[in-house]
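> Provide a 3D model corresponding to the input given below.
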Amino acid sequence: MKKPFLTLSQVQEIKRTCPTPFHIYDERGIRENARALKAAFAWNPGFREYFAVKATPTPGILNILREEGCGVDCSSLTELMMSERCGFSGREIMFSSNETPAEEFELAAKLGAVINLDDITHVDFLHKTLGRVPETVCCRFNPGGVFTLGEGGGGFQVMDNPGEAKYGMTRPQLVQAFTRLKALGAKHFGIHAFLASNTISNEYYPALARLLFQTAADAARETGCHVAFINLSGGVGVPYRPDQPANDIAVIGE
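Sure thing, here's the model as predicted:
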């Protein structure tokens with residue numbers, strides 16, 4: 001069974017001396033996990049972990065992760081503002097949003113963030129908002145269907161039915177978006193996909209990578225666009241119960 005990072009006496013002392021409610025974070029554990037993740041993908045010199053700010057919008061956590069070389073994934077104006085205050089800028093920020101007011105695209109562009117377009121209509125809206133499109137831009141791909149990796153063996157995952165999700169572009173829309181963005185001046189492209197989250201499976205990210213690498217190769221051939229990076233989205237699951245297996249990040253990286 002997993003051993004807590006606090007003893008019972010420490011928790012009782014904190015409860016006695018600190019006002020409630022409160023959260024207690026394991027800084028050493030956070031740093032160790034960030035370093036293990038970085039080591040698992042060290043074979044790729046361009047690798048960067050982008051932490052989803054929405055998961056824990058806490059400046060103290062973001063500062064720790066920035067010190068460990070992580071970037072941030074933002075989905076709102078507030079998250080962009082918080083990330084800027086914590087010292088993130090440029091390629092350290094991915095901005096992925098579904099319903100996006102103009103001011104959010106404007107701030108993301110001002111910060112030099114990599115903008116990830118969720119919908120085909122966002123292409124012309126971004127151009128209209130900024131009067132241009134960034135040289136580097138990303139598009140969110142939705143392959144449809146149901147993604148079942150991670151469900152078996154007592155595993156748990158959420159948001160694993162991309163076919164019914166509102167997020168992302170279809171395969172034809174992805175090609176259409178690349179073509180249009182290239183005509184508007186974009187030079188470097190990324191592809192992002194979110195198929196499931198909290199997967200207790202070492203197979204999720206390799207399967208997602210295989211799908212996106214093939215999609216990238218096909219899209220580059222069909223459009224002549226330079227696909228510069230792939231964003232493997234989702235979330236490595238946590239074993240919430242003692243009988244659940246833990247992911248092996250080294251195996252996933254391999």
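> Identify the residues contacting the residue lying closest to L174 once chain neighbours are set aside.
Excluding its sequence neighbours, the residue lying closest to L174 (CB to CB, 6 or more residues apart in numbering) is F141, at 5.3 Å. From N, CA and C alone the C-beta is placed, and that goes for glycine too. Contacts for F141 (CB atoms under 8 Å, 6 or more residues apart in numbering) come out as 168-169, 171, 174, 191-193, 212, 215.
> Most widely separated two among those?
For those, the maximum inter-member distance is 14.1 Å, found between R171 and H192 (CB to CB).
> Looking at those two, which is more packed in?
H192 (24 against 14; other CB atoms under 10 Å).
> Is the more buried one in a helix, a strand, or coil?
For H192, the assignment made with DSSP: H, G, I helix; E, B strand; the rest coil gives strand.
> Out of the contacts of F141, flag the one nearest to M81.
H192 (22.1 Å).
> Quick check: bridge partners of that closest one?
Beta bridges link H192 to R140, N231 when assigned by DSSP bridges.
> What's the separation between it and S233?
According to CB to CB, to the nearest Å, H192 stands 6 Å off from S233.
> what is in contact with those two at once?
Residues touching both H192 and S233 (CB under 8 Å, 6+ apart): S96.
> circling back to that earlier point, report the buried members of the contacts of F141.
168-169, 174, 191-193, 212, 215 (16 or more other CB atoms under 10 Å).
> what is the rounded mean pLDDT of the longest helix anywhere in the chain?
Taking DSSP state H as the criterion, the chain has its longest helix at helix 204-223. Confidence for helix 204-223, expressed as mean pLDDT, is 92.
> Using CSV, write out every CA atom in that helix.
Provided in CSV are the C-alpha atoms of helix 204-223 (Å, rounded to 0.1, in the frame of the first residue of the first chain):
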residue,chain,number,x,y,z
TYR,A,204,-2.5,4.9,-23.9
TYR,A,205,0.2,7.4,-24.9
PRO,A,206,2.0,5.0,-27.4
ALA,A,207,-1.3,4.3,-29.1
LEU,A,208,-2.1,8.1,-29.2
ALA,A,209,1.4,8.8,-30.5
ARG,A,210,1.1,6.2,-33.2
LEU,A,211,-2.2,7.8,-34.3
LEU,A,212,-0.9,11.3,-34.3
PHE,A,213,2.4,10.5,-36.0
GLN,A,214,0.6,8.8,-38.8
THR,A,215,-1.9,11.7,-39.1
ALA,A,216,1.0,14.2,-39.1
ALA,A,217,2.8,12.3,-41.9
ASP,A,218,-0.4,12.1,-44.0
ALA,A,219,-1.3,15.7,-43.4
ALA,A,220,2.2,16.9,-44.3
ARG,A,221,2.1,14.9,-47.5
GLU,A,222,-1.4,16.1,-48.5
THR,A,223,-0.9,19.8,-47.7
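> List the buried residues in that helix.
Of the residues in helix 204-223, 204-208, 211-212, 215-216, 219, 223 count as buried by neighbour count, 16+ other CB under 10 Å.
> can you give me the helices for the chain?
8-17, 27-40, 59-67, 77-85, 102-111, 122-130, 171-183, 204-223, 249-253.
> Adding distance to N198, write the ones you listed out as JSON lines.
Formatted as JSON lines, the helices of the chain follow (distance: least, CB to CB, whole Å):
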{"stretch": "helix 8-17", "distance to N198": "26"}
{"stretch": "helix 27-40", "distance to N198": "15"}
{"stretch": "helix 59-67", "distance to N198": "18"}
{"stretch": "helix 77-85", "distance to N198": "20"}
{"stretch": "helix 102-111", "distance to N198": "26"}
{"stretch": "helix 122-130", "distance to N198": "27"}
{"stretch": "helix 171-183", "distance to N198": "26"}
{"stretch": "helix 204-223", "distance to N198": "10"}
{"stretch": "helix 249-253", "distance to N198": "14"}
